[in-house]
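Participant: Following is a predicted model, sequence given first.
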Amino acid sequence: MRAVELVLAVGWAAFWIYWLMAAFSMKRGRVPWSQELSIRVAIAVVVFVLVRLGAFRGHGVNSDPWRASIGLAVFGAGLVFAILARRHIGCNWGTPMSQKNEPELVTSGPYRLVRHPIYAGLLIACIGTAVALSWAWLTVVALASAYFIYSAIVEERNLTEQFPDAYPPYKESTKMLVPFVL
């Protein structure tokens, strides 16, 4: 089982290194320093404390190779989807709930399927991690889901203000996170 943990650790580390490097190519903008930031910090602190306290160690760690394989495949698919969405949005990407100078509305590529494909991809990767390792990781999935849905709602409010003619029809034609469902 150590191999699965190693693959997931290396996969997540590589993803976040790519993500930080890609952040240098985004347009300038601003992040509202308000309730949105405090929610981000609170969720990050809760996850950090849970991990540091070992909340996920020894809680029914998966020993089924089929389940681990399925989890790794779901994990990989989620990261690939998030990366494809990030590459497609290009310099228009920003940290959650940020507002860009000279924004452009991207509705093609992965954004044809869902309005927030980066969030969707990360949630899929988190679910894959839970399947591969332990159901206890669904706690992280629940926290991330709450954060991403909140972020998406705030972002959609901003996008409706920035693109009053284009965003409402796009919103009507696509789902937020899960095609045909949510």
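Facilitator: Right, received. Where do you want to start? Numbering: from 1, shown residues only.
Participant: could you say what helices and strands the helix or strand in which residue 21 is found packs with?
Facilitator: Here residue 21 is covered by helix 2-22, with elements defined by DSSP states H and E. In terms of contacts (3 or more CB pairs under 8 Å, 6 or more residues apart in numbering; DSSP states H and E), helix 2-22 is packed against helix 65-89, helix 117-132. All C-beta spots, glycine's among them, are computed from the backbone N, C-alpha and C.
Participant: neighbouring contacts of the first one?
Facilitator: Okay, so that is helix 65-89. Applying CB atoms under 8 Å, 6 or more residues apart in numbering, the contact partners of helix 65-89 are 1, 4, 7-8, 11, 15, 18-19, 22, 62, 93, 106, 108-111, 117-118, 120-133.
Participant: ok so, going back, most tightly packed of the helices and strands packed on helix 2-22?
Facilitator: helix 117-132 (a mean of 23; mean count of other CB atoms under 10 Å).
Participant: Run the angle between that one and helix 65-89 for me.
Facilitator: Put simply, helix 117-132 runs at 170 degrees to helix 65-89, going by axes from the mean of the first three to the mean of the last three CA atoms, to 10 degrees.
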